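Trainee: what's the 3D shape of this:
(one chain, ligands or ions: 1)
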Amino acid sequence: MKKADLITQLDTAIKRAHAPYSQFHVGAVITDENGNNHAGCNVENAAYPSGCCAEQSAVSNMIVNGGKKIKDIYIKSSSDMACPPCGNCRQIISEFSDQETTIHMLDGKNQVTSCTLEQLLPSKFNADWLKTE
Ligand code: THU
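Mentor: Residues are numbered from 1 along each chain as shown. Here you go, the predicted model:
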């Protein structure tokens, strides 16, 4: 995807975020293993813990549209600073990631900082721990 199209998708997601309580709007776009893109935004709730982060919403969109693996995830917020995924989102991203998965954080000027999930979530809990043999 061209950077300009990516930024349009992120900015649209940020605009559509439902964040009346925090006023902190977040957009996320996932590129999956087939090159398809899936956007998400945060969706807050009057019962605060029932809210959902942008990354989680993008993962749900990827899954319902048939994507299986996160190749890249781009995150941008209404803040000037680049927004890293929260701890819960790191775990959710890890379920659909591999060594190649890259997390890209855009600041208000669309400068990109990139890192691997391994850097953000070392020693992660995953399906390997649930094997019984
Ligand atoms: N938020 C996200 O959408 N992604 C993150 O990784 C950090 C936090 C949302 C959750 C809540 O709606 C608002 O930002 C303030 O925490």
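
Trainee: what's the model's confidence in stretch 25-32, averaged?
Mentor: Mean pLDDT, stretch 25-32: 98.

Trainee: Output it as CSV, nothing but the C-alphas.
Mentor: Extracted in CSV, the C-alpha atoms of stretch 25-32 (Å, rounded to 0.1, in the frame of the first residue of the first chain):
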residue,chain,number,x,y,z
HIS,A,25,-8.6,8.5,19.2
VAL,A,26,-6.6,5.6,17.8
GLY,A,27,-6.5,4.0,14.3
ALA,A,28,-4.8,0.8,13.3
VAL,A,29,-4.3,-0.8,9.9
ILE,A,30,-3.1,-4.4,9.4
THR,A,31,-1.6,-5.8,6.2
ASP,A,32,-2.1,-9.5,6.2
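
Trainee: For the remainder of this discussion, apply numbering that starts at 121.
Mentor: Okay, residue one is now 121; in that scheme the one you just asked about reads as stretch 145-152.

Trainee: is it anywhere near the ligand?
Mentor: Yes - residues of stretch 145-152 contacting the ligand under CB under 6 Å from any ligand atom: Val146. Placement of C-beta: from N, CA and C, glycine included.

Trainee: swap in stretch 153-169?
Mentor: Yes - Stretch 153-169 reaches the ligand (CB under 6 Å from any ligand atom) through 162, 164.

Trainee: Work out for me the element the one residue sitting closest to the centre of the chain sits within.
Mentor: When CA atoms, centre = their mean is applied to the chain, the residue found nearest the centroid is Glu175 (2.8 Å). Glu175 belongs to helix 174-184 when assigned by DSSP states H and E.

Trainee: Tell me who's in contact with Ala148.
Mentor: 130, 133, 159-161, 173-175, 177-178, 193-196 (CB atoms under 8 Å, 6 or more residues apart in numbering).

Trainee: JSON lines please, covering those and showing distance to Gln143 and pLDDT.
Mentor: Output for the contacts of Ala148, formatted as JSON lines (distance: CB to CB, whole Å; pLDDT from 0 to 100):
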{"residue": "Leu130", "distance to Gln143": "18", "pLDDT": "98"}
{"residue": "Ala133", "distance to Gln143": "16", "pLDDT": "98"}
{"residue": "Ala159", "distance to Gln143": "20", "pLDDT": "98"}
{"residue": "Gly160", "distance to Gln143": "18", "pLDDT": "98"}
{"residue": "Cys161", "distance to Gln143": "14", "pLDDT": "98"}
{"residue": "Cys173", "distance to Gln143": "15", "pLDDT": "98"}
{"residue": "Ala174", "distance to Gln143": "14", "pLDDT": "98"}
{"residue": "Glu175", "distance to Gln143": "19", "pLDDT": "98"}
{"residue": "Ser177", "distance to Gln143": "18", "pLDDT": "98"}
{"residue": "Ala178", "distance to Gln143": "21", "pLDDT": "98"}
{"residue": "Ile193", "distance to Gln143": "23", "pLDDT": "98"}
{"residue": "Tyr194", "distance to Gln143": "22", "pLDDT": "98"}
{"residue": "Ile195", "distance to Gln143": "17", "pLDDT": "98"}
{"residue": "Lys196", "distance to Gln143": "16", "pLDDT": "98"}
